[in-house]
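> Fold the following for me, if possible:
(chains A and B)
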Number of protein chains: 2
Amino acid sequence: MKTAVRQSDLFTKTRKEAPKDEVSKNAKLLIRAGYIHKEMAGVYDLLPLGLRTFNNIVRVIREEMDSIGGQEMSMSALQDPEVWKLSGRWDDEQVDVWFKTHLHSGEKYHGGSQLGIANTHEEPITKLLKGHISSYKDLPKYVYQFQTKFRNEVRAKSGIMRTREFVMKDLYSFNTDEVGFREFYEKCADAYVRIFKRLGIGDKTYRTFASGGSFSQFSDEFQTVSESGEDLIYINEKEGRALNKEVNTEEVIKDLGWDGVELKEQKAIEVGNIFPLGTKFSEAIGLQYKNEEGKPVYPIMGSYGIGPARAMGTVAEILSDERGLVWPEEIAPFKYHMISLDNGNEEVKNEAERLFEEMTERGMRGL
Amino acid sequence: MKTAVRQSDLFTKTRKEAPKDEVSKNAKLLIRAGYIHKEMAGVYDLLPLGLRTFNNIVRVIREEMDSIGGQEMSMSALQDPEVWKLSGRWDDEQVDVWFKTHLHSGEKYHGGSQLGIANTHEEPITKLLKGHISSYKDLPKYVYQFQTKFRNEVRAKSGIMRTREFVMKDLYSFNTDEVGFREFYEKCADAYVRIFKRLGIGDKTYRTFASGGSFSQFSDEFQTVSESGEDLIYINEKEGRALNKEVNTEEVIKDLGWDGVELKEQKAIEVGNIFPLGTKFSEAIGLQYKNEEGKPVYPIMGSYGIGPARAMGTVAEILSDERGLVWPEEIAPFKYHMISLDNGNEEVKNEAERLFEEMTERGMRGL
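Numbers count the residues shown, from 1 in each chain, chains lettered A, B, ... in the order given. Here you go, the predicted structure:
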């Protein structure tokens, strides 16, 4: 679609009512304004206004990931079960969000006909890096993508904030040691702070201590306070940080030197996360580099996720007012909206036409 | 990834050999140069150099689609079987390229638990437009997307030219009458000519008469002459046009007023197609508009496809030489490649650094 567009040319129409089965505020607003279309429960299309907003969010995230040394690529959604069996996550109850599919009967791949449809990419990215990392000189590396994930969500009632198919920005870090890993981890956390600020939800978004898995005491979630959130967080306003429910224990609060009484419980939306993976996947998949002594070592990994559509839904939930959607300038589908109040006056009409032509010529994002 | 990048920072390495099971020239070249990674037969990832090239091709196609009034959107890959049953294509042998999947056991959607994974979008786009088209005043409309299609290809030996998962630019046109439809059809054919010219394969690409289905004598294929092509075409050099195998009959040649003796048989790659759909899908799905007399009428539809990865593979097949890949300037991953032949000379080294900084500051696409 051209940069400047006549509203009357848009193929989408606004509508007075959202579909009856739609319960979330964000989807109701976005459907009524012609930003998205509901294909089925938990599956939405992006219409022109929605796609422009979404692409603006993607641009913001991309700029910040590039600024910390991320290299963009794009991996497939169809996945080979064999690489997932190495980590034990093919049949894992924990990841029973899998959609799986089959090759034609008779056709086999590694002895089977089943294929996975990506719900995440730790295993395949680690396997891919085996062909490109061999020495400590090849590290560190930071690789990311905007790629579609498919998750067989049982509950899908939060509009575009939790869907069965969604684009995820997932970055994976590969470092030789813990020091380098932690340095990048903090750099990425800072980039996340900048991203949520640019998306207009910075003041309501808290870096939140979450459970760290086997390789770290904590992971980090970025939680945006909202009544429509599925999570509960406990905010320490003085520190500008929060805890999630999992780690809201006396022990953790003491470890952090916080005062439990001061914590304020709030519902929140997880708009981003950062997870230390240690050597879990490099060991499972067999990714090694040779250190300065020529000895094989497993790189330390981390994963860093943001879902642009969830961020878009969060902005819709939080910044909209009684008149409807409100977008920060950087992500609005258009920067200018011109309405000709000509009431049949030819002079006014002609001036509006002239201004529209000028917007078009200058490449201004106008509607 | 930033606009200008140090080659030593790229996470990908070149390799001397392609995987043994790789038979196609395009995939061999692209894998060796670090543009793509093979996940499995018919499934490839785009690495940073590959993604940049791919995105440049997408940009060229997008500019040309916007210039003829296309509005970009993005539809889901997960599809509701019900809408496909309306056209009879859910169980159709002809489209046994379906990958299908399931919701969790116990969860039903429209009485079933099966979901389709998109191999094309005629049915869902027609259903979507029902919510936005009601009057002749709402037409014409031209809607397109760059969206991932999944096809259960039995034979997948042409590298990135025929894969089980690929992004397709698919545009759908909706017109009130045949005259408007044909006008747009020719406009889009002209845009395709411009696209293939910009991609550097214009001089080897022929607009080719192909079988038209039930609504038209012909459809159009854009076929690029190449020994690695899967199709056979018959070229009329004088007219600058061709026939495909299906329609290479005495009757058709006579209809066109051509001389059969002059036709030259060539192997070719189908890099684009345009297909008149008539009212097949608007009737099946029940999309109607009210004409000036208030009577319900089925819009006339067309579909217009280009696969950016197939185009990229075709360029790799055709323009590469004995030293490897050759890209036209507009789609090359980088416009400048700087190598410092300093041989330890500090002055040369410093000047190279200065030039790299300048490239970065000016936003030049340099490696």
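
> Could you see whether chain B lies near the helix or strand of chain A with the lowest mean pLDDT?
Least confident helix or strand of chain A, by mean pLDDT, DSSP states H and E, is strand A:99-102 with a mean of 89. Yes - for strand A:99-102, a contact with chain B is found by C-beta under 8 Å from any C-beta of the partner chain, at A:99-102. All C-beta spots, glycine's among them, are computed from the backbone N, C-alpha and C.

> Tell me the helix or strand right after that strand.
Following strand A:99-102 in sequence order, the next helix or strand is strand A:114-117 (DSSP states H and E).

> Reformat the residues of strand A:99-102 next to chain B as TSV; add neighbour count.
Listed next are the residues of strand A:99-102 next to chain B as TSV, based on neighbours: other C-beta atoms under 10 Å in any protein chain shown:
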residue	neighbour count
A:99	24
A:100	16
A:101	20
A:102	14
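
> Just give me the closest of those residues to residue A:244.
Distance to residue A:244, by C-beta to C-beta, is smallest for residue A:99 among these, at 27.4 Å.

> Could you check which residue of the stretch 251-367 of chain A lies nearest chain B?
residue A:309 (10.5 Å; C-beta to the nearest C-beta).

> Show the pLDDT at that residue.
Per-residue confidence (pLDDT) for residue A:309: 98.

> which stretches of the stretch 251-367 of chain A form helices?
A:280-285, A:308-319, A:346-361 (DSSP state H, counting those that start in this stretch).

> May I see those helices arranged in TSV, with mean neighbour count as well?
Formatted as TSV, the helices of the stretch 251-367 of chain A follow (neighbours: other C-beta under 10 Å):
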stretch	mean neighbour count
helix A:280-285	20
helix A:308-319	25
helix A:346-361	13
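
> can you put these in JSON lines and add distance to residue A:265?
As requested, the helices of the stretch 251-367 of chain A are exported to JSON lines (distance: least, C-beta to C-beta, whole Å):
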{"stretch": "helix A:280-285", "distance to residue A:265": "32"}
{"stretch": "helix A:308-319", "distance to residue A:265": "18"}
{"stretch": "helix A:346-361", "distance to residue A:265": "48"}
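
> Of those helices, which is nearest residue B:160?
helix A:280-285 (24.5 Å).

> I'd like the average pLDDT over that closest one.
Computed over helix A:280-285, the average pLDDT equals 97.

> centre of the chain versus it, how much separation?
24 Å (C-alpha atoms, centre = their mean, to the nearest Å).

> what's next to it, contact-wise?
By C-beta atoms under 8 Å, 6 or more residues apart in numbering or on different chains, the residues outside helix A:280-285 that reach it are A:83, A:86-88, A:122-123, A:126-127, A:130, A:174, A:213-215, A:287-288, A:298-301.

> cool, and stretch A:239-259?
A:206-211, A:217-218, A:221, A:223, A:231-236, A:260, A:263, A:266, A:268.

> Let's see that with 10 Å instead.
A:193, A:205-212, A:217-223, A:225, A:231-236, A:238, A:260-266, A:268, A:270 (C-beta atoms under 10 Å, 6 or more residues apart in numbering or on different chains).

> same check, this time on stretch A:19-26
By C-beta under 10 Å, 6+ apart, the residues outside stretch A:19-26 that reach it are A:18, A:27-28, A:30-32, A:35-38, A:40-41, A:156-162, A:226-228, A:269, A:309-310, A:312-318, A:320, A:325, B:131.

> Only the buried subset of these, as a PyMOL command please.
Filtering these down to the buried ones (16 or more other C-beta atoms under 10 Å in any protein chain shown) takes a single PyMOL command:
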select buried, (chain A and resi 18+27+28+30+31+32+35+36+37+38+40+41+156+158+159+160+161+162+226+228+269+309+310+312+313+314+315+316+317+318+320+325) or (chain B and resi 131)
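
> out of the contacts of stretch A:19-26, which are inside strands?
A:36-38, A:40, A:269 (DSSP state E).

> Make TSV from the residues you listed and add distance to residue B:253 to it.
Compiled in TSV, the ones in strands among the contacts of stretch A:19-26 are given as follows (distance: C-beta to C-beta, whole Å):
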residue	distance to residue B:253
A:36	49
A:37	45
A:38	50
A:40	48
A:269	64
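
> filter those residues by proximity to chain B?
Counting by C-beta under 10 Å from any C-beta of the partner chain, A:36-38, A:40 from the ones in strands among the contacts of stretch A:19-26 sit close to chain B.

> since we're on the residue lying closest to residue A:232 once chain neighbours are set aside, how many residues are nearby?
Once flanking residues are discounted, residue A:232 sits nearest to residue A:245: 4.8 Å by C-beta to C-beta, 6 or more residues apart in numbering or on different chains. Residue A:245 has 13 neighbouring residues, counting by other C-beta atoms under 10 Å in any protein chain shown.

> Check residue A:9 too.
12.

> next one: residue A:267
14.

> need the contact list for the residue nearest the centre of chain A.
Residue closest to the average C-alpha location in chain A (C-alpha atoms, centre = their mean): residue A:307, at 1.5 Å. Residue A:307 makes contact with A:57, A:61, A:146, A:149, A:160-163, A:166-170, A:270-273, A:313-314 under the criterion C-beta under 10 Å, 6+ apart.

> what subset of these is also close to chain B?
Applying C-beta under 10 Å from any C-beta to those, those adjacent to chain B are A:163, A:166-167.

> between those residues, which has the most around it?
Highest neighbour count within the ones next to chain B among the contacts of residue A:307, by other C-beta under 10 Å: residue A:163, with 26 neighbours.

> where along the stretch 51-200 of chain A do the strands fall?
A:71-72, A:78-79, A:99-102, A:114-117, A:141-150, A:165-175 (DSSP state E, counting those that start in this stretch).

> With the stretch 201-350 of chain A instead?
Under DSSP E, counting those that start in this stretch, the stretch 201-350 of chain A gives strands at A:205-211, A:218-225, A:231-236, A:241-244, A:264-278, A:289-290, A:296-297, A:300-306.
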